[in-house]
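Asker: Requesting a structural model of the entry that follows:
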Amino acid sequence: HTVRKYYGEWDGAGVAQELADEMTSRGLIATYNHPVWSRVREEEFIHTRGIWALEIYNYGTENESATGYDEARWDVMLREGKQIFAFASDDNHNNEEVEDTFGGYIVVKAPKLSHEEIVKNMLAGNYYSSSGPEIYDWGIRNGQAYIKCSAVRRIDFITGNRINDGRSILSKSLEETIQTAAYLLKGHETYVRAVCTDRYGRKAWIRMYQNPASVMTFRASAIAAPGENLFDESRIHAAFARRPRYAGSSDSGRFIIICFTSLIASSAESDASVVSKRHAANTSSSLLKLIICLPVNISLFGKKYKV
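Answerer: Prediction:
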């Protein structure tokens, strides 16, 4: 298969859609990566269909040229009603000149330590992204978005779509830290998400909830009971519709850290450390990246995916 190369004058939005369509038609997972580093304008990618997630933190490009953060354009997409997740990654090239290893990753909640369950829960948004801090629990309960995390300096709740919505909770001094925070929903927020920042400036991001006031109860750490199918289509449709459907508990679930260039597992029931390593494949345009895991077949919204 010949990969097209783009240079000079070209239609950024058209090419992004073309590449996304080609990837998804082959059963692959498409993400949009490092838009700041790529020097693209937001209109070149924010309307691209078929993208699972936007890279909002790239450890390698942040250390290379301070071009690794892009939360702002994630908010642009969310405020326009686009349902898209976000993630942090290393973009590891093993370049001795740039530190690009184990600085950006996602932590996936899965009931079983298997590649299929990791990928299923990743696609369902059952994870958080981080460059350092840990998140222990988050969700929506009794009309409030809440979060529990490791010791950090501040916790921010970002919402759409009115000025002055959202909330920032800061520690009272340089010596103090906080580990919990909550935001009382006003009822008109189009989405809510949260960010935790530690004393070193490292961040952890939870997924967004769209139309959060309609979600009566949701716990990220209790998305399904042990043995329950986390990826049947009715559950995924409910997840994207943000219906008050989530109940039960899952104390047996595992958290899996995915660095996208590496998979690292930790489990209360297993001493497994390194599960496997899979380098992500870049397109020639350096705009989109595929996430490669062991081959499994999954069905999402009536479409078959091989990942």
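Asker: Which stretches in the chain count as helices?
Answerer: For the chain, applying DSSP state H gives helices covering 12-25, 59-65, 71-79, 115-123, 233-241.
Asker: most neighbours per residue, which of the ones you listed?
Answerer: Per residue and on average, the most neighbours among the helices of the chain fall to helix 115-123, with a mean of 22 (mean count of other C-beta atoms under 10 Å). All C-beta atoms are positioned from the backbone trio N, CA, C, and that covers glycine.
Asker: what's the lengthiest strand in the chain in contact with?
Answerer: Secondary structure assigned by DSSP state E gives strand 144-152 as the longest strand of the chain. For strand 144-152, the surrounding residues in contact (C-beta atoms under 8 Å, 6 or more residues apart in numbering) are 133-140, 155, 157, 171, 177-185, 192, 194, 196-199, 204, 206, 209, 212.
Asker: got the helices of the chain as a markdown table, with distance to Arg49 and mean pLDDT columns?
Answerer: Listed next are the helices of the chain as a markdown table, based on distance: least, C-beta to C-beta, whole Å; pLDDT from 0 to 100:
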| stretch | distance to Arg49 | mean pLDDT |
| --- | --- | --- |
| helix 12-25 | 7 | 94 |
| helix 59-65 | 25 | 97 |
| helix 71-79 | 12 | 96 |
| helix 115-123 | 16 | 95 |
| helix 233-241 | 15 | 40 |
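Asker: out of these, which comes closest to Ile163?
Answerer: Shortest distance between Ile163 and these, using C-beta to C-beta, is found for helix 71-79: 11.9 Å.
Asker: contacts for the closest one?
Answerer: In this structure, residues lying in contact with helix 71-79 by C-beta under 8 Å, 6+ apart are 35, 42, 46, 54, 56, 84, 86, 158, 160-161, 190-191, 193, 195, 205, 208, 210.
Asker: Ok, which of the helices of the chain comes nearest Asn94?
Answerer: With C-beta to C-beta as the measure, helix 59-65 is the member of the helices of the chain nearest Asn94 (10.1 Å).
Asker: count of residues packed around Glu80?
Answerer: Glu80 sits with 12 neighbouring residues when counted by other C-beta atoms under 10 Å.
Asker: In this structure it contacts Glu42, no?
Answerer: No: in terms of C-beta atoms under 8 Å, Glu80 does not count as a neighbour of Glu42; the distance is 10.4 Å.
Asker: circling back to that earlier point, wait, which of the helices of the chain is closest to Thr2?
Answerer: Among the helices of the chain, helix 12-25 sits nearest to Thr2 (C-beta to C-beta), with 11.7 Å.
Asker: which ones among the contacts of helix 71-79 are found in strands?
Answerer: Members of the contacts of helix 71-79 lying in strands (criterion: DSSP E): 54, 56, 86, 158, 160, 191, 193, 195, 205, 210.
Asker: any idea which of those residues is closest to Thr2?
Answerer: Proximity to Thr2 was ranked across these by C-beta to C-beta; first place goes to Leu54, at 27.5 Å.
Asker: any idea how far Ile178 is from the closest one?
Answerer: Here the distance between Leu54 and Ile178 works out to 27 Å (C-beta to C-beta, to the nearest Å).
Asker: show me the contacts for the residue lying closest to Ile56 once chain neighbours are set aside.
Answerer: Spatial nearest neighbour of Ile56, chain neighbours left out: Ala86 (4.4 Å); criterion: C-beta to C-beta, 6 or more residues apart in numbering. Ala86 sits next to 53-56, 71, 74, 129, 205, 207-208 when contact means C-beta under 8 Å, 6+ apart.
Asker: could you redo the last one with a cut-off of 10 Å?
Answerer: 31-32, 53-57, 70-71, 74-75, 77-78, 106, 125, 129, 193, 205-208 (C-beta atoms under 10 Å, 6 or more residues apart in numbering).
Asker: Count the residues that sit near the nearest residue to Arg207 once chain neighbours are set aside.
Answerer: Of all residues not flanking Arg207 in the chain, Gly125 sits nearest, at 4.7 Å (C-beta to C-beta, 6+ apart). The burial count assigned to Gly125 is 23, neighbours taken as other C-beta under 10 Å.
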